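# below are the sequence and a predicted model for it; my questions follow.
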Amino acid sequence: MHLVGFDEKDWLTRFPFELSHRFRIMSRTQHAVVITAPGGPDVLAVKNDWPVPALGDDDVLIEVKAAGVNRHDCNQRRAGPSHEPNPVPGLEAAGRIVAFGKNVPARRVSEAVMTLTDGGSYAQFVATPSELALTKPDGLDWISAAALPEALFTTWYNFFDLMALKPGESALIHGATSGVGSIAAQLLKALGHPVFGTAGTADKRKAALAFGYDAVFDYNAPDLPSQVRQATGGRGVDAILDMSAGAHLAADLAMIASDGRIAHLSAGGGKDLAVPLRQLMGRRVRITGAFLRATPVQMKIAVARQLREKVWPLLGKAIIPHVAATYPLNGAADAHRHLEEGRQVGKIVLALDAMAGCRTARV
């Protein structure tokens, strides 16, 4: 690993902030959390000699200040170190750019950014395509910034690319207090969409209302479809984001509007989806879904450009992440346990400048 484009004297002259990072990067190793085997949280181990990632021509290297924790990370951990190309989990991070590929403008060095990554964020340094590293708004701290990228990309890609949500159309999100749900509601509401949600407990339904939902329902209620239809004046909702691996399919089809769309975030480990075709065809319902990590990078870059234009001005204002808890890098296993308990409202984040202890937000 080397910093591209300058000799050391020129680097000191032009970017004195970065010289302190140079020799740490040149050492080629870093602290990182690695999945050592398939299993529970205890298979996560901190390695002190993990390689700093190499950069492609269009990449930047980010010194990570904080990294978001997501369900995908837990699924990757259960599947084991060979399930994904990078055994270091983590799909989002916030930090400063400290190195760059030859196609990246040198002015980006030292820029504070928040980014979607293809794994590797549970580490001191992570590499990502430069166009996915978006400037961190001044009003967000590192923890808040790290809590946003995966949810923002997921929300935009599913609602506006896959489901082509039109102005004024309504949305429903299963998992209203999840990391995605807590951000998606704020984003959609800020753009003028009626937003409804579901959650499994009264406490979570109450907490979700703070994110801007018009109404939040119990997803276990046998009359859920009729409640949703009543709330939408009998029309039903236009777009549903479902992270239940098909568990709510019958309810989804009963409360979707004609020409409505349903997007799935979870495949349930390869679960088959049995769809009643007459019901699907009678109201021209479209069912789709995608794995964000597996989405081609050019499609992610297209989403990043839309987010930069239409959503970035809202961050820290109309869109504010709720951080349920923070853990240090060496507390990643505890962070996974917390997430898998399913009690949190909002996001769990790893803070890399903290070596011990955690902070839990009140709900």
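Sure thing, it's come through.

# poorly predicted segments of the stretch 1-150 of the chain, please.
The model of the stretch 1-150 of the chain has pLDDT under 70 over residues 1-27.

# one more: the stretch 151-300 of the chain?
Low-confidence segments of the stretch 151-300 of the chain, defined by pLDDT under 70: 267-270.

# if we go to 80?
The model of the stretch 151-300 of the chain has pLDDT under 80 over residues 244-247, 266-274, 276.

# now do Thr326 against Val34, distance only.
Note on Thr326: its distance to Val34, by Cβ to Cβ, to the nearest Å, is 21 Å. C-beta: built from backbone N, CA, C; applies to glycine.

# same deal with Val180?
Going from Val180 to Val34 by Cβ to Cβ gives 26 Å.

# of these two, which one has the most company?
The neighbour comparison of Val180 against Val34 (other Cβ atoms under 10 Å) goes to Val180, with 23 against 18.

# what residues are up against the residue lying closest to that one once chain neighbours are set aside?
In this structure, Val180 finds its nearest non-sequential neighbour in Ala151, 4.7 Å apart by Cβ to Cβ, 6 or more residues apart in numbering. Ala151 makes contact with Gly179, Val180, Ser182, Ile183, Ala184, Pro321, Lys347, according to Cβ atoms under 8 Å, 6 or more residues apart in numbering.

# out of those residues, who's the most crowded?
Among the contacts of Ala151, Ser182 has the most neighbours (other Cβ under 10 Å), with 31 neighbours.

# which residues touch that residue?
Ala151, Ala176, Ala208, Phe211, Pro321, His322, Val345, Gly346, Lys347.

# ranges for the helices of the stretch 251-363 of the chain?
277-282, 297-310, 332-341 (DSSP state H, counting those that start in this stretch).

# now for the first one, which elements pack on it?
With contacts taken as 3 or more Cβ pairs under 8 Å, 6 or more residues apart in numbering; DSSP states H and E, helix 277-282 sits against no other helix or strand.

# apart from its neighbours in sequence, what residue is nearest Leu241?
Once flanking residues are discounted, Leu241 sits nearest to Ile173: 4.8 Å by Cβ to Cβ, 6+ apart.

# that neighbour belongs to a helix?
No: assessed with DSSP: H, G, I helix; E, B strand; the rest coil, Ile173 is strand; it does not lie in a helix.

# which ones are touching it?
With contact taken as Cβ under 8 Å, 6+ apart, Ile173 is in contact with Val180, Gly181, Ala184, Ala185, Val195, Phe196, Gly197, Thr198, Ile240, Leu241.

# just checking, the fourth one touches Ala210?
No: counting by Cβ atoms under 8 Å, Ala185 stays clear of Ala210, with 9.4 Å between them.

# going along the chain, name the strands of the stretch 151-300 of the chain.
Taking DSSP state E, counting those that start in this stretch, the strands of the stretch 151-300 of the chain run over residues 171-174, 195-199, 215-218, 237-242, 256-264, 286-289.

# could you dump these into JSON lines with distance to Ala79 added?
Formatted as JSON lines, these follow (distance: least, Cβ to Cβ, whole Å):
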{"stretch": "strand 171-174", "distance to Ala79": "23"}
{"stretch": "strand 195-199", "distance to Ala79": "27"}
{"stretch": "strand 215-218", "distance to Ala79": "32"}
{"stretch": "strand 237-242", "distance to Ala79": "22"}
{"stretch": "strand 256-264", "distance to Ala79": "19"}
{"stretch": "strand 286-289", "distance to Ala79": "19"}
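
# so for Leu339, which of the ones you listed sits nearest?
Shortest distance between Leu339 and the strands of the stretch 151-300 of the chain, using Cβ to Cβ, is found for strand 195-199: 16.0 Å.
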